[in-house]
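> just to be clear, the model below is a prediction. Sequence and coordinates:
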Amino acid sequence: MYIIGIDIGGTKIAGILFDGKKVIKELTIVTPKTAADFAYGLKHLVAFLSVGRKITGIGIGMAGVINIKKQTAVYSPNIKYINNFNFKKLFGNKFKLEVANDAKCFAYAEAKLGQGKNYNSVVGVILGTGVGSGFVLDGKVYTGGHYGAGEVGRMLYDGKHTFESLFQKARDSHNNRQLSQIVSLLLWNICRMLDPDIIVLGGGVSTDSKRKFVKNAETICANMFSTYRVKPRIVVSKLKNAGALGAALLIR
């Protein structure tokens, strides 16, 4: 069984060929600037990964709100031209197809194969261009009634600003102290709301060795819970191409 997993980001698109146990082929391309080039790029990415293999299906993850039933990108904050883009129409009935939010794919990969594989409730948080997140409970991704559950970055920080907007400002100014405060409060809210067994952080900001805020955020978050005698387990992802891997795992 060979499955293609694709993680669509604002600057790059990562694709993998997965045999059910390991990644055997991968390719990353620059995210195109137009819808026509986007469709062309996806088709050729799939063609490259599928050479000499019989593909069972394609799993796709991307930022934004996804209509899972219609396999359509309802809204993407990073790639405006693919709002309402229909992936089913692009690939037809040649492959089994699943489309989901990229952070939910990330969380799913961590729950199945990564840091969260021995836990029942796993939250995955991507700290990169923005803040994305997903919640996996008993091996299943929780999407909510309108496919937008788990978007913690869009929660209000102070009644006016969202966590994501303040995170982006602190990230761009390289203010690690402020970044620690924002992320720790975000994680604290996640823990109080969902009480997960583990939170796995991913994305370029969390894996940047030059930024030491992750450990600080974990300490601050734990201190917030001192009266509850709770120490949240917060770790950084070790999976390569976790988003694309999670998308591939959607194919059963």
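On my side now, so go ahead.
> tell me which residues in the helix or strand of the chain with the lowest mean pLDDT are buried?
Using mean pLDDT, DSSP states H and E, helix 213-224 stands out as the lowest-scoring helix or strand of the chain, at a mean of 74. Using 16 or more other C-beta atoms under 10 Å as the test for burial, helix 213-224 gives F213, V214, N216, A217, E218, I220, C221, A222, M224. Backbone N, C-alpha and C define where each C-beta goes, glycine included.
> Throw those residues into JSON lines and include distance to K160, thanks.
JSON lines is the format used below for the buried residues of helix 213-224 (distance: C-beta to C-beta, whole Å):
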{"residue": "F213", "distance to K160": "23"}
{"residue": "V214", "distance to K160": "26"}
{"residue": "N216", "distance to K160": "25"}
{"residue": "A217", "distance to K160": "22"}
{"residue": "E218", "distance to K160": "27"}
{"residue": "I220", "distance to K160": "22"}
{"residue": "C221", "distance to K160": "23"}
{"residue": "A222", "distance to K160": "28"}
{"residue": "M224", "distance to K160": "22"}
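> related to what we said a few turns ago, show me how far the least confident helix or strand of the chain is from its chain's centre.
In terms of C-alpha atoms, centre = their mean, to the nearest Å, the centre of helix 213-224 is found 22 Å from the chain centre.
> buried sites along the next helix or strand after it?
Remark: after helix 213-224, the chain's next helix or strand is strand 234-236, criterion DSSP states H and E. By neighbour count on 16+ other C-beta under 10 Å, the buried set for strand 234-236 is I234, V235.
> pLDDT (mean, whole number) over strand 234-236?
Strand 234-236 comes out with an average pLDDT of 88.
> helix or strand right after that strand?
helix 242-249.
> that next one packs against which elements?
strand 2-8, strand 12-18, strand 55-62, helix 102-113 (3 or more C-beta pairs under 8 Å, 6 or more residues apart in numbering; DSSP states H and E).
> parallel or antiparallel, which strands does the second one pair with?
By that I understand strand 12-18. Here strand 12-18 is paired, per DSSP bridges, with strand 2-8 (antiparallel), strand 23-30 (antiparallel).
> can you give me how far the last one is from the chain middle?
Pointing back at strand 23-30 there. With C-alpha atoms, centre = their mean, you get 17 Å for strand 23-30.
> immediately after it, which helix or strand?
Downstream of strand 23-30 (by DSSP H and E), the next one is helix 35-49.
> what are the structural domain limits within this protein?
2-104+241-249, 116-236 (automatic domain parsing).
> leaving out chain neighbours, which residue sits closest to the most centrally placed residue in the chain?
In the chain, the centroid-proximal residue (C-alpha atoms, centre = their mean) is A103; its distance is 2.0 Å. Using C-beta to C-beta, 6 or more residues apart in numbering and skipping residues adjacent in sequence, the residue nearest A103 is G132, 3.2 Å away.
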